[in-house]
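Asker: Just a sequence and a predicted model for now, questions to come.
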Amino acid sequence: MERTHPEDFTDQERIEVRPSGPLEGSVVISGAKNSVLKLMAACLLTEGTFTIRNVPDIEDVKVMGDVLRHIGVSVHRADNALVIQRPALITGEVPYALTEQLRASTAVLGSLLAGIGNARVALPGGDDFGHRPIDIHVAALEAIGCRLKISGGDIYATVDNLVGNPVLLEYPSVGATENLMMAATRATGTTVIDNAAREPEIADLAVFLNQMGAKVSGAGTSTICVEGVGELHPADHTVVADRIEAATYLAAVGVAGGEVTLEGARGDHLAIFCRKLEEMGVRTAKAANGIMATAMNRLQAADVSTLPYPGLPTDTKPLLVAILSVADGVSIVTENLFSGRFRYVDELLRMGADIRTEGHHAVVRGVKRLSGAPVRAHDIRAGAAMVLAGMAAEGLTTVLDVHHIDRGYENLVGKLGSLGADVQRLGVLDVC
Ligand code: UD1
C-alpha cells in the first residue's frame, strides 16, 4: 500500500503536529549542544575529574560520551551534570563507527594532541549540509608543530613539541578555532589566532580552559591569544545557554503567535536573529532572566542571509524558511556557509509551501496556510523546522526520522506542548 497520509505512519517513531497557537507561558532553555561537545573534548587535556553542568539530555552528548569512553575516559550523568574522569592513560583512537554518528567528534583532535601527543580519528565524511572538509583544522594544527596525514579514511596526528605561533585561519571555522585553542594551551610560547571564529560557544570553551589553568584571552573576538602553560587541572563549569534552541522557540512564537518567556536565553547572543524577527513582526524584549517574545499578527516577509557569528546563524535558517513560508510577501534567503542546506525545502513543498531554490538562494513566497503532510526530519534544525511548519498547517503533520531532532533538542515536544502547542510524540508501541 502506498503511504501518502500523515496517518499512514503509525509503525514509526514520529511527532504528530496539529494547528497550534497562540503559545503562552515560559520555557527553560538548555545548555548549548555546540558548547558541551567541545567542553567534553577539552577534558582529554589532563588527568582528573571534571564536572560540566547544565548539560542537555540529547543524543549527540551521549555519542560524545561514547567517544570519550572509547578513548578510556569514564563519563557519568548526574541529573543535569556530567562527571568526567580522565585517567592518566588513554588511547588516541576514535573509530568511524563513532565519528560517522557525530561529526563534532573531530573536536578531540586538538585536545588529544596536547594531552597525549597523538590521535587517530576516522574522518566523518559528508552530510546533508554538503561538503565538509577539515583542511583548515589541519593547517591550523600544523602551524603549531603537529604532523597530520590522512590514510585509509583516518586522520593520523602526532606532535613532539607544540610550538606557539601566529596562525591566520583562512576562514573563521568554529571547529578549527576550537581545535587550535585546545592544542595551543600546552604549547611552548604564545599562539595568536587571527580570523578566529567568534561564536559564544568559543568564548564558553575559553572560560572552561582558563578554569583549567590555561591562559586564553580574546575569545569572542577575531583575535584569540593562547599563552601555553606547563600544566592544566580539572574544572567545574556551567554550559552557556543554547542560542539555537532559544531561536527555535522564538521562531515558534513567530509562526503560532502568543507571548512566551525563554528562561536563561541570552538576547546578546541572538541580536541579529531577534532583529530579523522584529522585521517580520515578532517583538522581543529582555526579561528578568531571559528573553520575552510576543507576536500578535501574521508575519511579514524579510530577506535573510547567513554569516559567521555575530551574523545570522546558519543553524537558524531552516526555522526561518519554515516560518517565512507562511509570511505575507516574498523573502530571499541566502546560505553563505554550507554548500547544501536546502533539502528540507522539498518537505515544505509537500506541505504546499511556495519556495524556489537556486544555488545557495531560496525565494520564499508566503502562502496563506500550509497543509499537513508526512514529512521527514533531514537534520536537527530541519526537523525542528518541520514541527514549526506543522503548527501553521491545516490538519495533521507527521514528522518522521525524529532521531535527528533527538540529536540536538532536549524534549522539544514537551517544551512546545507546555506552551500550548498541539504536538505529541508517538512511538512504534503506540500503534492502536
Ligand atoms: C559548527 C557547528 C554547526 C554550525 C557551524 C557554523 C558544532 C558541533 N557545529 O560546525 O552547528 O552550523 O559551526 O556556525 O559546533 N570549512 C572548511 N574547512 C575546514 C572547516 C570548515 O572549508 O577545515 C568550511 C565548512 O565546510 C563550512 C564553513 O567552513 O562551509 C563553516 O564550518 P565551521 O565553522 O568549521 O563549522 P563546524 O565547526 O563544522
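Answerer: All right, it came through fine. Because the structure is predicted, anything quoted here is derived from the model rather than measured.

Asker: Flag the shaky bits of the stretch 151-300 of the chain, pLDDT-wise.
Answerer: Within the stretch 151-300 of the chain, not a single segment meets pLDDT under 70.

Asker: which parts of the chain sit against the ligand?
Answerer: Within the chain, the residues that sit near the ligand (Cβ under 6 Å from any ligand atom) are 34, 37, 104, 132-137, 171, 173-176, 197, 313-315, 337-338. Glycine gets a C-beta too; all of them are placed from N, C-alpha and C.

Asker: Could you rerun that using 5 Å?
Answerer: The chain comes close to the ligand at residues 34, 104, 133-137, 173-175, 314-315, 337-338, as judged by Cβ under 5 Å from any ligand atom.

Asker: helices and strands around the host helix or strand of residue 398, which ones?
Answerer: Applying DSSP states H and E as the criterion places residue 398 in strand 397-400. Applying 3 or more Cβ pairs under 8 Å, 6 or more residues apart in numbering; DSSP states H and E, one finds that strand 397-400 contacts strand 14-18, strand 374-376, helix 380-391.

Asker: quick revisit: what subset of the residues of the chain next to the ligand is buried?
Answerer: The neighbour-count test (16 or more other Cβ atoms under 10 Å) marks 34, 104, 134, 136-137, 173-175, 314-315, 337-338 as buried among these.

Asker: coming back round to it: what are the pairing partners of the strand holding residue 398, and which direction each?
Answerer: Strand 397-400 has the following strand partners under DSSP bridges: strand 14-18 (antiparallel), strand 374-376 (parallel).

Asker: could these go into CSV alongside mean neighbour count and mean pLDDT?
Answerer: Putting the strands paired with strand 397-400 into CSV (neighbours: other Cβ atoms under 10 Å; pLDDT from 0 to 100) gives the following:
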stretch, mean neighbour count, mean pLDDT
strand 14-18, 23, 97
strand 374-376, 22, 96
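
Asker: Quick one: closest of these to residue 56.
Answerer: strand 14-18 (18.0 Å; Cβ to Cβ).

Asker: outside of the closest one, which residues touch it?
Answerer: For strand 14-18, contacts defined as Cβ atoms under 8 Å, 6 or more residues apart in numbering pick out 6, 372, 387, 390-391, 393, 395-400, 402, 405, 412-413, 421-426.

Asker: what is the orientation angle of it with helix 380-391?
Answerer: Between the axes of strand 14-18 and helix 380-391, defined by axes from the mean of the first three to the mean of the last three Cα atoms, to 10 degrees, the angle is 40 degrees.

Asker: hmm, back to that, out of the helices and strands packed on strand 397-400, which gets nearest to residue 222?
Answerer: Residue 222 lies closest to helix 380-391 among the helices and strands packed on strand 397-400, at 25.6 Å (Cβ to Cβ).
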